[in-house]
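Q: Quick one, structure for this:
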Amino acid sequence: MNVKRRSFSLFNLSFIDIMFCGFGAVVLLVLIINASERTENTSRQVANRDHAARLRLELETAAELRAELQEQLRSARLQRATEEDKLLALAREIDSRQADFDTLRQRNQREKEDLSRLQHELVALDTEKQQRLADMRQRDDEQPRTLQFVGEGNRQYLTGLKLDGDHVLILLDSSASMLDQRIVDIIIRRNLKDGAKTDAPKWRRALRTVNWLLANISPDSNVQVMTFNEVPVPVLPDGWIAVSDTEALLALLRALRTVVPEGPTSLINVFAAAAALQPPPDNIILITDGLPTISAAPTGRAKVSGSRRVRLFSDAIAEIPPDIAVNIILFPLEGDPLAAASYWQLAIATGGSLFTPTSDWP
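A: Residues are numbered from 1 along each chain as shown. Modelled structure (predicted):
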């Protein structure tokens, strides 16, 4: 069978070429667009990665800054709390100081008021003292004295001692402690001869004190003087002497100058002797310098403690008869700090008085 060939047409070929060229152009355009999109996407991705990296860096920086700011905030809060505690403590201190100041101001005001009151009382007491001195001088001028005692510069002192009574008993401590005020000097003097002992300044003051008392006791009274160390000894054995009997008083003073101070001090024995007197005394004037060192009899102790001396004193005052005033003239003595308080209590309990003379008395 014969096939009929188609005739070749240039137009057909050209049309096909055109179609293929157009298709190729479309394909090329698609490829170019795809390539452009891939390039743009790659650039965008790179930019996004860079932006993300910058954002991460900024985020890390912000986190570090946030942590630093938080730490600063904590430090600031801690410092603020510390400052608040300091301010609170300072406020409490100010309140305390203010309270102390108010207390001191009130105390100062009270002290000023007390001082003013005491000054008024002092003026009143001085006025009363001057009045009593004037009354005493008037009584002295009106009442003759059997003995005269002239002190240094003709001075007489208001002692507060009660010198009245029908029977006045003077008890003079003649133990070794009356030789001096200091323990060392007492030890030295007690080893001297009797003449040196009787010339001891403290003992001579004690004798002048007896002289002063005899010169100031009422002439209507009766008097007796006893010295005592271990045992009491009447200076004169004649019993009660009328103060108006000048010769008897002078004899008493002469006999008293022969007494030598020595030995320990027994207060219980002399109070027992005072209680045995007939008629009994109604006023006792005790001249001493400290608490007793022995009881009724020596114990052989070389040293007596302060508490032991207080017990001896308590035992001794139990011997004092009731209703008898005891006036004490207490001379100074080293190492006996409880003496003043003990004798003051005795004076208060018996209605007497305690007198501690100055170095120039009487």
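
Q: drop to CA atoms for contacts and neighbour counts, all remaining ones
A: Will do.

Q: what residue ranges in the stretch 151-300 of the chain score low on pLDDT?
A: 151-160, 298-300 (pLDDT under 70).

Q: and if we set it to 50?
A: 151-158 (pLDDT under 50).

Q: Please, where are all the helices along it?
A: Applying DSSP state H, counting those that start in this stretch to the stretch 151-300 of the chain gives helices spanning 183-190, 194-198, 201-216, 246-256, 267-275.

Q: what angle do the helix or strand hosting R56 and helix 201-216 make?
A: R56 is part of helix 10-142 when elements are defined by DSSP states H and E. Here helix 10-142 runs at an angle of 60 degrees relative to helix 201-216 (axes from the mean of the first three to the mean of the last three C-alpha atoms, to 10 degrees).

Q: Make residue 1 into 285 and carry on from there
A: Let's use 285 as the start, then, which means that last one is helix 294-426.

Q: any idea of the mean pLDDT for helix 294-426?
A: Across helix 294-426, pLDDT averages out at 80.

Q: picking up where we left off before, quick check: which of the helices of the stretch 435-584 of the chain is nearest to I613?
A: helix 485-500 (8.9 Å; C-alpha to C-alpha).

Q: so of the helices of the stretch 435-584 of the chain, which one's packed in deepest?
A: For the helices of the stretch 435-584 of the chain, the largest average neighbour count (mean count of other C-alpha atoms under 10 Å) is found in helix 551-559, namely a mean of 21.

Q: CA atoms of the helix or strand in which A624 is found as CSV?
A: Using DSSP H and E, A624 falls within helix 623-634. This file holds the C-alpha atoms of helix 623-634, laid out as CSV (Å, rounded to 0.1, in the frame of the first residue of the first chain):
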residue,chain,number,x,y,z
ALA,A,623,33.1,50.8,167.3
ALA,A,624,31.3,54.0,166.3
ALA,A,625,28.2,52.2,165.1
SER,A,626,28.0,49.9,168.1
TYR,A,627,28.4,52.8,170.6
TRP,A,628,25.9,54.9,168.7
GLN,A,629,23.4,52.1,169.0
LEU,A,630,24.1,51.9,172.7
ALA,A,631,23.6,55.7,173.2
ILE,A,632,20.3,55.6,171.3
ALA,A,633,19.1,52.6,173.2
THR,A,634,19.8,54.1,176.6
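
Q: Would you pull up how far the helix or strand that comes right after that helix lies from the middle of the chain?
A: Counting by DSSP H and E, the next helix or strand C-terminal to helix 623-634 is strand 638-639. Here strand 638-639 shows a centroid-to-chain-centroid distance of 27 Å under the convention C-alpha atoms, centre = their mean, to the nearest Å.

Q: Can you list the strands that strand 638-639 pairs with?
A: strand 609-614 (parallel) (DSSP bridges).

Q: So which residues make contact with the strand it pairs with?
A: 445-446, 566-574, 624, 627, 630-631, 634-641 (C-alpha atoms under 8 Å, 6 or more residues apart in numbering).

Q: tell me which residues in it are buried?
A: A609, V610, N611, I612, I613, L614 (16 or more other C-alpha atoms under 10 Å).

Q: Pick the one among these closest to L537.
A: I613 (18.5 Å).

Q: other SSEs contacting the helix holding A624?
A: On a contact count with 3 or more C-alpha pairs under 8 Å, 6 or more residues apart in numbering; DSSP states H and E, helix 623-634 meets strand 609-614, strand 638-639.

Q: now what about the last one, what contacts it?
A: Strand 638-639 is contacted from outside by T443, G444, L445, N611, I612, I613, L614, Y627, W628, A631, using C-alpha under 8 Å, 6+ apart.

Q: how about a cut-off of 10 Å?
A: 443-446, 569-571, 610-615, 624-625, 627-632 (C-alpha atoms under 10 Å, 6 or more residues apart in numbering).

Q: follow-up on the earlier one: out of the helices and strands packed on helix 623-634, nearest to A375?
A: strand 638-639 (54.7 Å).

Q: Let me see the mean pLDDT of the closest one.
A: 90.

Q: One more: stretch 612-629?
A: On average, stretch 612-629 scores 91.

Q: Please determine how far Q508 is located from L520.
A: Going from Q508 to L520 by C-alpha to C-alpha, to the nearest Å gives 8 Å.

Q: Mind listing the shared neighbours of these two?
A: Joint contacts of Q508 and L520 (C-alpha under 10 Å, 6+ apart) are L533, L536.

Q: neighbour-wise, which of the two wins?
A: A direct count of neighbours by other C-alpha atoms under 10 Å for Q508 and L520 places Q508 higher, at 24 against 18.

Q: any idea how far G306 is from that one?
A: From Q508 to G306 the distance is 171 Å (C-alpha to C-alpha).

Q: now R416
A: 157 Å.

Q: got the domain boundaries for the protein?
A: The chain breaks down by automatic domain parsing into domains covering 318-426, 451-639.
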